[in-house]
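Peer 1: below: sequence and its predicted model.
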Amino acid sequence: MSEKKIVKSLCRMCDDHCGIDCWMEDGKVVKIEGNKEHVWNRGRLCIKGSHGTDMVYAPDRIRKPLKRTGQGFVEIPLEQALDEIAGKIRTIQGTYGPQSVGVWKGEAVGFAQEEELARRFIHAIGSPNYFSNDSACFAGRWIGYSLVYGRWNAQPDFENSRCIIIWGANPPHAHPNMTQQINRAREKGASLIVIDPRYSPIARQADLFVQVKPGSDGAFAWGLMRELIQNGWIDHEFIRDFTVGFDQVKEYAGRFTYEYVARETGCDAETLIRETALKIKESMPHTVVYVGNGLEHHENGINNIRACAYLDGLIGAVDQKGANYSPVGFPMKELVLYNEKPLLELNPVGRDRFPILYHYRQECHTMTLMDQILTGKPYPFKAMVLTGANPAMTNPNSSKVRKALSALELLVVHDLFLSETAQLADYILPAASYLERSELHVHGGYQTITLTNRMIGPDPGITDEYTMFRELAVRLGAGEYFPWKDEDQLNEWLISDSGVSMDVLRSNPSGYQYAQKVYEKHKIRKENQEKPFNTRTGKFEFTSEILKEHGYQELAEYIPPKSNTTDPARPFTLVTGARKVMYYHGRNHNIPALASALTEAEMEINEKDAARLHLQDGDMVKVASSIGHMTVRARIMEGDEIGEGVVQITHGWKKHNVNNITHDDTFDPISGFPLMKSVQVSIEKYEER
């Protein structure tokens, strides 16, 4: 008789970590459903999550280590692959220096201990060069809010909010559970405001939609601050006791008249600013301002994000119920070696160019790396160990990325599938799926910690991140930094000082709540004579001494994006990366049930622009930037679904890869983030041959 059971865990088809029930039969996962007991998704599961078994048991999954030869890839034993890789790393470091090697963590791996393992490994073997997808996504918001707050919270207290402002994000496609939180708040009377260049699914639900030009968000934020300050709709007590730089904010905001904001954003600024400010006044301080990654990929991204963060301080919506609550962290041990082996003297790639990125994230700059590989300056960079990432598809100027990665003496890719990047590798190590490993996940919004269950044992030759990094470290003489037998011992060590045992976590498979919510912790810290905020001054910083020391403006001054000045040769502004619910960036395109939903990339274009270009829905068009050109099928949008002069193409399709035309030569000066959402392009009809 076959053995059947349900085992609870967390989904990892994206980084939302929904609770799941895995239906097991004879040691195989046969079905995945949402866990109704999990506080985050409450039984809901998106199309990606329900197809997790398709990913794990995919016929094209890599299950044996591969080595590139003159005849293509051949299978080799895992021990041989690890021995050869370690030998080549040792030779390269001996020839070119320890910093000539790097590690790259992808979003498929996540942000928890797998990321820290990658950071630990590269410092353990003597190099400071840690790279990840974060220097092109997510870290911009993290830095922007950290410059103001001293932290960033990805999960505000939506459910108790009275006014929710969604800025440059589309939760129904990117974060479905966040959408449910917003819906529950709306059922209790909360208003919803959406600010975006696209009339997205979340915008369709809004009480007020503010359609702005790409990259002009800071102008609207400053206009809103001017309105709030002039009307006295601000929290004077919080500003007095917990902030620095308010006088500069007040003076600078005065420049953002309705007329100026209207010119910059293209919207009816007077009406929309007044209506937004009134809704904030009625709800403050129970107001959530949530910034998505739509604000990161511009030349003025960090300051636009900081300007949005300022709103919290003006109205006192800081660590409040129904506002931007600051979670209590779980006391997990750190794996990183930045205190023990900082290695700053070895000049981490991009640190001198983007010091704020490294200061806040200890993150090297991936776009600078491509130039360094190709030029050998300021020092040779020759080897990369890359896990769960596909920069040949997702980084800007993909043709240069492919050229640079191909120029390495050693490229090792740890992944489940033969991605575009893996195809360039010298060695491919098969990676364990989320159902074949165990990890600890902390959910800040609900202050819970979950130990995920290993459902199935991986095939011989497949490794989880810990095993892969440990085996390489041992061979390179750095085994002392990886003393744990396996990831189970590692997980136990990580929580050993927390007062929470593994038995407690195992008996709470839907998550263990380690702390109750406590609001306004900055007041408690002040009473205890501690720093209220994790900033240099200990206050909510409208002005930043750290930025000033590095030669930047201390205030989040608004800089108009170049795309606001029409280039006759490239009159359209391209936005990239709008999420599709069945995909997660470049992932899942090889799963037939998901790939069939949308078989190719599309360029969304306003119907009036399409008429001027004599385009019909479905026509092929040539889209060109100063970086390159691509062809893609046009999808004509009705009314104001996308603003005039703006087009949008989602990334992730190999045949129509929009990152062949995105910039790797223009950046936000503070974060180093690439220009991917305000790219000036030309468009013309393309006749297929």
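Peer 2: That came through, no problem. Numbering: from 1, shown residues only.
Peer 1: the top strand by length along the chain pairs with which strands, parallel or anti?
Peer 2: If you go by DSSP state E, the chain has its longest strand at strand 629-637. Taking DSSP bridges as the criterion, strand 629-637 sits next to strand 602-606 (parallel), strand 620-624 (antiparallel) in its sheet.
Peer 1: now the nearest residue to residue 541 once chain neighbours are set aside. Its backbone dihedrals?
Peer 2: Nearest non-adjacent residue to residue 541, counting by CB to CB, 6 or more residues apart in numbering: residue 535, 5.0 Å away. From N, CA and C alone the C-beta is placed, and that goes for glycine too. The phi and psi values for residue 535, taken as degrees, to the nearest 10, are phi -120, psi 170.
Peer 1: how close does residue 535 sit to residue 209?
Peer 2: 34 Å (CB to CB, to the nearest Å).
Peer 1: correct me, but residue 556 touches residue 310?
Peer 2: Yes: counting by CB atoms under 8 Å, residue 310 is a contact partner of residue 556 at 6.7 Å.
Peer 1: neighbour count for the two, which is higher?
Peer 2: residue 556 (32 against 26; other CB atoms under 10 Å).
Peer 1: which stretches in the stretch 201-350 of the chain count as strands?
Peer 2: Taking DSSP state E, counting those that start in this stretch to define them, one finds strands in the stretch 201-350 of the chain at 208-211, 243-244, 287-291.
Peer 1: among those, which comes closest to residue 336?
Peer 2: With CB to CB as the criterion, residue 336 lies closest to strand 287-291 of the strands of the stretch 201-350 of the chain, at 26.3 Å.
Peer 1: the closest one - contacts with which helices or strands?
Peer 2: helix 139-148, strand 163-167, helix 301-315 (3 or more CB pairs under 8 Å, 6 or more residues apart in numbering; DSSP states H and E).
Peer 1: tell me the most buried of these?
Peer 2: For those, average neighbour numbers computed from mean count of other CB atoms under 10 Å are highest in helix 301-315, which has a mean of 28.
Peer 1: by how many degrees do that helix and strand 287-291 diverge?
Peer 2: On the basis of axes from the mean of the first three to the mean of the last three CA atoms, to 10 degrees, helix 301-315 is oriented at 180 degrees to strand 287-291.
Peer 1: where does the protein dip in pLDDT?
Peer 2: Counting by pLDDT under 70, the chain shows low-confidence ranges at 1-2, 109-111, 688-689.
Peer 1: list the contacts of residue 451.
Peer 2: Taking CB atoms under 8 Å, 6 or more residues apart in numbering, we find residue 451 in contact with 438, 439, 440, 491, 502, 505, 506, 509.
Peer 1: before we move on, which element is the closest residue in space to the last one that isn't next to it in sequence in?
Peer 2: Taking CB to CB, 6+ apart, and ignoring the residues beside it in sequence, residue 509 has residue 8 as its nearest neighbour in space, at 3.9 Å. Secondary structure assigned from DSSP states H and E places residue 8 in strand 4-10.
Peer 1: center of the protein - which residue?
Peer 2: For the chain, residue 138 is the residue whose C-alpha lies nearest the centre (CA atoms, centre = their mean; 3.2 Å).
Peer 1: against residue 52, how distant is it?
Peer 2: 23 Å.
Peer 1: can you get me a residue count around residue 610?
Peer 2: 21.
Peer 1: correction: residue 18
Peer 2: Neighbours of residue 18 under the rule other CB under 10 Å: 25.
Peer 1: burial check on the nearest residue to it once chain neighbours are set aside, number of neighbours?
Peer 2: Residue nearest to residue 18 in three dimensions, not counting chain neighbours: residue 41, with 4.0 Å by CB to CB, 6+ apart. Each residue near residue 41 was counted by other CB under 10 Å, and the total is 22.
Peer 1: could you do residue 189 as well?
Peer 2: There are 9 residues near residue 189, going by other CB under 10 Å.
Peer 1: I'd guessed it sits against residue 163; true?
Peer 2: No: between residue 189 and residue 163 there is no contact under CB under 8 Å: 10.0 Å.
Peer 1: tell me who's in contact with residue 302.
Peer 2: 140, 143, 144, 147, 356, 556, 668, 670, 671, 673.
Peer 1: what's the most distant pair in these?
Peer 2: With distances taken as CB to CB, the most widely separated pair in these is 556 and 673, at 15.2 Å.
Peer 1: output the contacting helices and strands for the one helix or strand residue 647 maps to.
Peer 2: If you go by DSSP H and E, residue 647 is part of strand 646-649. In terms of contacts (3+ CB pairs under 8 Å, 6+ apart), strand 646-649 is packed against strand 572-576, strand 602-606.
Peer 1: compare those strands and give me the one nearest residue 427.
Peer 2: Nearest to residue 427 among the helices and strands packed on strand 646-649 is strand 572-576 (31.2 Å), distances taken as CB to CB.
Peer 1: ok so, going back, which of the strands paired with strand 629-637 sits closest to residue 565?
Peer 2: Using CB to CB, the nearest of those to residue 565 is strand 620-624, at 18.3 Å.
Peer 1: and the end-to-end length of stretch 567-579?
Peer 2: Stretch 567-579 has its terminal residues 28 Å apart, counting by CA to CA, to the nearest Å.
Peer 1: in that stretch, which residues are buried?
Peer 2: 570, 572, 573, 574, 575, 576, 577, 578, 579 (16 or more other CB atoms under 10 Å).
Peer 1: could those be laid out in a markdown table, adding distance to residue 100?
Peer 2: Shown next, in a markdown table, are those (distance: CB to CB, whole Å):
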| residue | distance to residue 100 |
| --- | --- |
| 570 | 38 |
| 572 | 41 |
| 573 | 39 |
| 574 | 36 |
| 575 | 37 |
| 576 | 32 |
| 577 | 32 |
| 578 | 38 |
| 579 | 36 |
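Peer 1: between these, which is closest to residue 661?
Peer 2: For those, the nearest to residue 661 is residue 574 (7.5 Å; CB to CB).
Peer 1: quick one: contacts for the closest one?
Peer 2: By CB under 8 Å, 6+ apart, the contact set of residue 574 is 623, 625, 646, 647, 648, 649, 658, 661, 678, 679, 680, 681.
Peer 1: most neighbours out of those residues, which is it?
Peer 2: For the contacts of residue 574, the largest neighbour count, defined by other CB under 10 Å, is 30 neighbours, found at residue 679.
Peer 1: strand partners (parallel or antiparallel) of the next helix or strand after the strand holding residue 647?
Peer 2: Counting by DSSP H and E, the element after strand 646-649 in chain order, helix or strand, is strand 679-685. According to DSSP bridges, strand 679-685 forms sheet pairs with strand 572-576 (antiparallel), strand 620-624 (antiparallel).
Peer 1: show me what contacts residue 563?
Peer 2: 213, 214, 215, 573, 678, 679, 680.
Peer 1: including distance to residue 155, could the helices and strands packed on strand 287-291 go into JSON lines?
Peer 2: Output for the helices and strands packed on strand 287-291, formatted as JSON lines (distance: least, CB to CB, whole Å):
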{"stretch": "helix 139-148", "distance to residue 155": "13"}
{"stretch": "strand 163-167", "distance to residue 155": "13"}
{"stretch": "helix 301-315", "distance to residue 155": "15"}
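Peer 1: what's the closest of these to residue 17?
Peer 2: If we rank those by CB to CB, the stretch that ends up nearest is helix 139-148, at 17.8 Å.
Peer 1: return the alpha-carbon coordinates of that closest one using PDB.
Peer 2: Extracted in PDB, the C-alpha atoms of helix 139-148 (Å, rounded to 0.1, in the frame of the first residue of the first chain):
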ATOM      1  CA  ALA A 139      18.900  47.300  -2.700                       C
ATOM      2  CA  GLY A 140      18.000  50.700  -4.000                       C
ATOM      3  CA  ARG A 141      14.900  50.900  -1.800                       C
ATOM      4  CA  TRP A 142      16.900  49.300   1.100                       C
ATOM      5  CA  ILE A 143      19.500  52.000   0.800                       C
ATOM      6  CA  GLY A 144      17.100  54.900   0.200                       C
ATOM      7  CA  TYR A 145      15.100  54.100   3.400                       C
ATOM      8  CA  SER A 146      18.200  53.200   5.400                       C
ATOM      9  CA  LEU A 147      19.500  56.700   4.700                       C
ATOM     10  CA  VAL A 148      16.400  58.100   6.200                       C
END
